[in-house]
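Undergrad: Here is a sequence together with a model predicted from it:
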Amino acid sequence: MMEDKKTRRQGDKTNVSQAQNASGITNVSYSCIPVFSYSPKHKTMASKSFREVMAWQKAHAFVLAFYKTKKMFPDDEKFALVPQFQRAAVSIAANIAEGYKKVSRADKLRFFNIAQGSLEECRYYIILSHDVGYYPQNVANDMWAKIEEAAITLHSYCEAIKANKGITDEE
């Protein structure tokens, strides 16, 4: 049972699409200018904001999904697992955003690698949250699907950065 809601923010070229799944988690997708698009005049067109980077969009969707599940944790996890999970989840999107503005390939990849580390940390927290009974199977599956999308997209973005000859290794 998916409920779709589409909006267009005023003064913004970003189309936002939201769909709520059976477990009450809202999937948010952003329809933006692609990271790279082909133009006969220019070989590539770089994005203008980290918000246009698909890896960031997938990571942000994961963060929003985590925030919706916070209330599933018991009070005794308020100062233990929940803040650790939250920091790691936010760190994925934040490091992609920060790495986006770095000039050198090495700097970009350093931040993206930190994001990958936080992503792996979140994978463990999903497993732990399910195994101790905080996440029912359907929520764990939804969270796992979101983190998997973020992981695949971030990996592809890193590979594209490595292959991009327009980015120098100079500071």
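TA: On my side now, so go ahead. All figures in this text were calculated on a predicted structure; none of them were measured in a lab. Numbering: from 1, shown residues only.
Undergrad: Which SSE is immediately downstream of the helix or strand where residue 106 lies?
TA: Using DSSP states H and E, residue 106 sits in helix 105-131. Per DSSP H and E, the first helix or strand lying C-terminal to helix 105-131 is helix 137-163.
Undergrad: Which other helices and strands does that next one contact?
TA: helix 54-69, helix 81-100, helix 105-131 (3 or more Cβ pairs under 8 Å, 6 or more residues apart in numbering; DSSP states H and E). For every residue, glycine as well, the C-beta is placed using N, CA and C.
Undergrad: Just say which of those helices is most tucked in.
TA: Here the criterion is mean neighbour count by mean count of other Cβ atoms under 10 Å, and of the helices and strands packed on helix 137-163 the winner is helix 54-69, at a mean of 22.
Undergrad: Show me how far that one is from its chain's centre.
TA: 5 Å (Cα atoms, centre = their mean, to the nearest Å).
Undergrad: Would you mind measuring from residue 118 to residue 166?
TA: 27 Å (Cβ to Cβ, to the nearest Å).
Undergrad: how about the helices and strands packed on helix 137-163 in TSV, adding distance to residue 146 and mean pLDDT?
TA: Compiled in TSV, these are given as follows (distance: least, Cβ to Cβ, whole Å; pLDDT from 0 to 100):
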stretch	distance to residue 146	mean pLDDT
helix 54-69	4	98
helix 81-100	10	98
helix 105-131	9	97
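Undergrad: Would you mind giving those helices as a markdown table with distance to residue 158 added?
TA: Shown next, in a markdown table, are the helices and strands packed on helix 137-163 (distance: least, Cβ to Cβ, whole Å):
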| stretch | distance to residue 158 |
| --- | --- |
| helix 54-69 | 8 |
| helix 81-100 | 10 |
| helix 105-131 | 5 |
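Undergrad: Residue 143 is nearest to which of those helices?
TA: helix 105-131 (4.9 Å; Cβ to Cβ).
Undergrad: Packing partners of the closest one?
TA: Using 3+ Cβ pairs under 8 Å, 6+ apart: helix 105-131 touches helix 54-69, helix 81-100, helix 137-163.
Undergrad: what's near enough to touch the residue sitting nearest the centre point of the chain?
TA: Relative to the mean C-alpha position of the chain, the nearest C-alpha, by Cα atoms, centre = their mean, is the one of residue 59, at 0.5 Å. By Cβ atoms under 8 Å, 6 or more residues apart in numbering, the contact set of residue 59 is 92, 93, 96, 115, 119, 150, 154.
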